[in-house]
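Enquirer: sequence and predicted structure, then a few things I'm wondering about:
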2 protein chains.
Amino acid sequence: MSINVEIITIGDEILIGQIVDTNSAWMAQQLNLYGFSVIQISSVSDNKELIKEALNEAEARASIILITGGLGPTKDDLTKSTLCEYFDSALMFNEEVYQDVELLFKDRGLEVTPLNRMQAEVPDKCKVIRNKVGTAPGMWFEKQGKIYISMPGVPYEMKTMMQNEILPQLKKQFVSEHILHHTLLTQGIGESILAEEISEWENALPENFKLAYLPSVRSVRLRLTATGFDYDKLKSTFDKQINTLREQVYKYCYGENGDSLEKVVGDMLKSNHKTISTAESCTGGHLAAKITKVPGSSAYYKGSVIAYANETKQNLLEINPDDLEQFGAVSRQVVEGMAKGVMKKLQTDYAIATSGIAGPDGGTANKPVGMVWIAIAEEGRVFSKYFLLGNDRGRVIEAASLTALNLFRRFMLNEI
Amino acid sequence: MSINVEIITIGDEILIGQIVDTNSAWMAQQLNLYGFSVIQISSVSDNKELIKEALNEAEARASIILITGGLGPTKDDLTKSTLCEYFDSALMFNEEVYQDVELLFKDRGLEVTPLNRMQAEVPDKCKVIRNKVGTAPGMWFEKQGKIYISMPGVPYEMKTMMQNEILPQLKKQFVSEHILHHTLLTQGIGESILAEEISEWENALPENFKLAYLPSVRSVRLRLTATGFDYDKLKSTFDKQINTLREQVYKYCYGENGDSLEKVVGDMLKSNHKTISTAESCTGGHLAAKITKVPGSSAYYKGSVIAYANETKQNLLEINPDDLEQFGAVSRQVVEGMAKGVMKKLQTDYAIATSGIAGPDGGTANKPVGMVWIAIAEEGRVFSKYFLLGNDRGRVIEAASLTALNLFRRFMLNEI
């Protein structure tokens, strides 16, 4: 029997539809990895009576109740005072929490305000979960064998707290069966074609194994999960299955588990002592932003020219005006010129360039919205190809950036 | 008193976190526009007992219960049979619904399958809401003065049904209070300091007014809500309150309601017929990506130089090597040089430059992680300032980009 969890997200902004509750899906995913089942997710407004009612209903169904939101220092945030009433608890000033708040303000060059000093007041009947990345501490209550955990609603703060404190603690307290997970990350193949290619393997999986397809823009994660009591036996079968899957999706697989394409590519560059630059038109900096999101990327990334205007392509990348005139900015000639141009200007070993039509305007019959040319260059070799990436601006930009990174990975491996 | 609505979304895929429930937020927004209040959103799995329990709980609180999901033709979809049991109703074949299904299949060049023929069976105690864009009809039940409406979970089908049938019908049936919302968007001031600055005004708000603080990275949205029966009176008081708030937060307010900083800045550039370029070091393309996310940004944005390496700063932006040597890349001298350099190179009216330490490495005692210099330039005028933006790489990059855009907005307005 798996342990039942209920999630309560608190905040008027959810109930008037101003924000979409993304916290619940993330928490549910994480809890699933450990074998917990989320049986209900409830969103309630910043209202004491409704919060208490949600708690009452949740504790009748679940053993663990996770609560997010309503912990800010302002008047509309009522979660802490409601929990005090619910658990008949009084607020007490907590020195450790205050130090966390103080440190956070110091980092920003600020003094703690009286309002934020109140963030250090916590119910005396809870175990405090410290928050290193925000001012509101988490609170862990236990009552009649049930666990109630209150966290901030800011996704980053909630996630940090879940990963560092709450999930490890829940696992220690509840999980007896072993659960193994491994994820292979693929790019450049659709979910249904992928499913067909591996259907024979998937259908032959043992009963305690489960494969999940997790699609996002132009990529599909394949997560294999297995549960069992005999760890050694489980692990050995699991590793064999993962190896088989790895062989089958080899062509599309760019990484495993928590990898990102930009990190994989960065690690390859670093270990080969190579450098790269980029020249972007339609991706407009999104590709550079991905690359530089990786800590330490300055070791291999020298920079980019975002050449949004044609003059910029000419001025900074020395694109031949005749090529622009004759073939247009979205063409093999221009995108290859951009890659070679930036590689020369920034004196890097490799370069990636993108040029396309992100939309919603600018498409023609021959060059529709979503058409993106991508070029990869190194000294003496250029590869280029075009893709049709749909008609939603944001998705075109994201898909083009991912596709470019994966092409570059395969270019480095001499697969293309 | 406004009419209370509760939303129940049904589907295992929500509870394992595979999809984010975006239907609820959309429905809540729409209901709000008509003056209905959503008091709870619950997501439950495809399980008869849990669906009935959710209905029981919802009808104790709300007058209208909106249900989505679980109406597919496959075995795991249980909503219709559960509603039959709940309302003691039997399934009956509905000729009109069948014709809708048949038409839909015909449009796709297909015959209706037996599984899909079952979509035309509806509970005899409901009023059918026809679905012109999918196979599952909606169902409208009434019981003891309460309304229960079941809709498909596919967002497009649900939205079509809500807009064409359900919302107009609900509006007709219920006279309810008017609800007004207005949101002011601020950047560059923390939630708690903001709360203190406007506390006098906030405390003096009439009882039917409510202010919500909605914080995200380096920005806070202030949402004022008011309810009342007399629309004209409500609207006039509301407008006055919004005007007062606008005056009080004038310095930090970059936009209202659905605006984004990049869109506001883009609109200003467009209406002034001005162009801009950027030079980014620590933000690594994130600023450019924000600017180019806006459709039509090519009208005013010429491009960017992402100068991650010092050579790039020298080669492409003509930064004086002596300045780099003497003051370092993260300095007033270099960031101002970057802004002036890119403005000259790309021949734009304005330029924004960033240079900082995003971390986690590279910080020193004098220049800690999170220190970011930002410069804004136009012909004959440069403004620059440094900020301390915390120690999380992703947040430093996001905060620096937003801060730069807001400084630029204020620079254009001659406020700095």
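Expert: Structure's in. What do you need? Numbers count the residues shown, from 1 in each chain, chains lettered A, B, ... in the order given.
Enquirer: so how far is stretch A:196-206 off the chain centroid?
Expert: 28 Å (Cα atoms, centre = their mean, to the nearest Å).
Enquirer: now the end-to-end length of that stretch.
Expert: Taking Cα to Cα, to the nearest Å, the first and last residues of stretch A:196-206 lie 19 Å apart.
Enquirer: give me the nearest residue to residue A:374, chain neighbours excluded.
Expert: Counting by Cβ to Cβ, 6 or more residues apart in numbering or on different chains, residue A:374 lies nearest to residue A:404, which is 4.8 Å off, once chain neighbours are set aside. Where C-beta positions appear, they are placed from N, C-alpha and C, glycine not excepted.
Enquirer: pretty sure that neighbour sits against residue A:354.
Expert: Yes - between residue A:404 and residue A:354 a contact is recorded at 5.7 Å, counting by Cβ atoms under 8 Å.
Enquirer: shared neighbours, those two?
Expert: A:283, A:287, A:374 (Cβ atoms under 8 Å, 6 or more residues apart in numbering or on different chains).
Enquirer: top of those residues by neighbour count?
Expert: Highest neighbour count within those: residue A:283, with 34 neighbours (other Cβ atoms under 10 Å in any protein chain shown).
Enquirer: mind checking how far the closest residue to it other than its chain neighbours is from residue A:307?
Expert: Among residues not flanking residue A:283 along the chain, residue A:354 sits closest, at 4.6 Å (Cβ to Cβ, 6+ apart). Per Cβ to Cβ, to the nearest Å, residue A:354 is found 10 Å from residue A:307.
Enquirer: and those two? Which one has more around it.
Expert: Taking neighbours as other Cβ under 10 Å, residue A:354 and residue A:307 compare with residue A:307 leading, 30 against 27.
Enquirer: okay, buried residues for the worst-scoring helix or strand of chain A on mean pLDDT please.
Expert: Within chain A, no helix or strand scores below strand A:209-216, which has a mean of 83 by mean pLDDT, DSSP states H and E. For strand A:209-216, a neighbour-count test (16 or more other Cβ atoms under 10 Å in any protein chain shown) marks A:209, A:213 as buried.
Enquirer: and it with chain B, contact?
Expert: Yes - using Cβ under 8 Å from any Cβ of the partner chain, strand A:209-216 reaches chain B at A:212, A:214.
Enquirer: partner strands of that strand and their direction?
Expert: strand A:219-228 (antiparallel) (DSSP bridges).
Enquirer: gap between the strand it pairs with and the chain center?
Expert: Distance, centroid of strand A:219-228 to centroid of chain: 17 Å (Cα atoms, centre = their mean).
Enquirer: past that strand, which element shows up next along the chain?
Expert: Downstream of strand A:219-228, the first helix or strand assigned by DSSP states H and E is helix A:231-248.
Enquirer: residues of that next one that come out buried?
Expert: A:234, A:237, A:238, A:241, A:242, A:245, A:248.
Enquirer: now stretch A:329-344
Expert: Buried residues in stretch A:329-344 (16+ other Cβ under 10 Å): A:329-343.
Enquirer: repeat that for stretch A:94-102.
Expert: Result for stretch A:94-102 [16+ other Cβ under 10 Å]: buried residues A:94, A:97, A:98, A:100, A:101, A:102.
Enquirer: how near is the first one to residue A:123?
Expert: If you measure residue A:94 against residue A:123 using Cβ to Cβ, the figure is 10 Å.
Enquirer: again with the fifth one
Expert: Shown here: residue A:101 relative to residue A:123, a distance of 17 Å by Cβ to Cβ.
Enquirer: okay, and the common contacts of residue A:354 and residue A:307?
Expert: Joint contacts of residue A:354 and residue A:307 (Cβ under 8 Å, 6+ apart) are A:279, A:280, A:281.
Enquirer: show me the contacts for the second one.
Expert: Applying Cβ under 8 Å, 6+ apart, one finds that residue A:280 lies in contact with A:286, A:287, A:288, A:304, A:305, A:306, A:307, A:353, A:354, B:285, B:288.
Enquirer: next one: the first one
Expert: Contact analysis of residue A:279 by Cβ under 8 Å, 6+ apart lists A:304, A:305, A:307, A:317, A:338, A:339, A:341, A:342, A:351, A:352, A:353, A:354.
Enquirer: need the pLDDT of the fourth one.
Expert: Read it as residue A:317. On pLDDT, residue A:317 comes in at 93.
Enquirer: since we're on it, how many residues are nearby?
Expert: Neighbours of residue A:317 (other Cβ under 10 Å): 23.
Enquirer: how much space between it and chain B?
Expert: 10 Å (Cβ to the nearest Cβ, to the nearest Å).
Enquirer: and the nearest residue to that residue once chain neighbours are set aside, what helix or strand is that in?
Expert: Taking Cβ to Cβ, 6+ apart, and ignoring the residues beside it in sequence, residue A:317 has residue A:341 as its nearest neighbour in space, at 3.4 Å. Using DSSP H and E, residue A:341 sits in helix A:332-345.
Enquirer: what is the following helix or strand past that helix packed up against?
Expert: Downstream of helix A:332-345, the next assigned helix or strand under DSSP H and E is strand A:350-356. Secondary-structure packing of strand A:350-356 (3 or more Cβ pairs under 8 Å, 6 or more residues apart in numbering or on different chains; DSSP states H and E): strand A:276-280, helix A:332-345, strand A:371-378, helix A:393-412.
Enquirer: now the last one: average pLDDT?
Expert: Per-residue confidence for helix A:393-412 averages out to 95 on the pLDDT scale.
Enquirer: buried set for that helix?
Expert: A:393, A:395-412.
Enquirer: show me which residues of the stretch 51-200 of chain A sit near chain B.
Expert: Contact residues, the stretch 51-200 of chain A versus chain B (Cβ under 8 Å from any Cβ): A:53-54, A:57, A:61, A:72-76, A:107-110, A:113, A:115-116, A:133, A:154, A:156.
Enquirer: point out where chain A drops to low pLDDT.
Expert: A:1 (pLDDT under 70).
Enquirer: domain parsing for chain A?
Expert: Per the record, chain A has its domains at A:4-174, A:178-256, A:261-412, by automatic domain parsing.
Enquirer: which of these is buried the deepest?
Expert: domain A:261-412 (a mean of 22; mean count of other Cβ atoms under 10 Å in any protein chain shown).
Enquirer: endpoints of that one, how far apart?
Expert: 13 Å.
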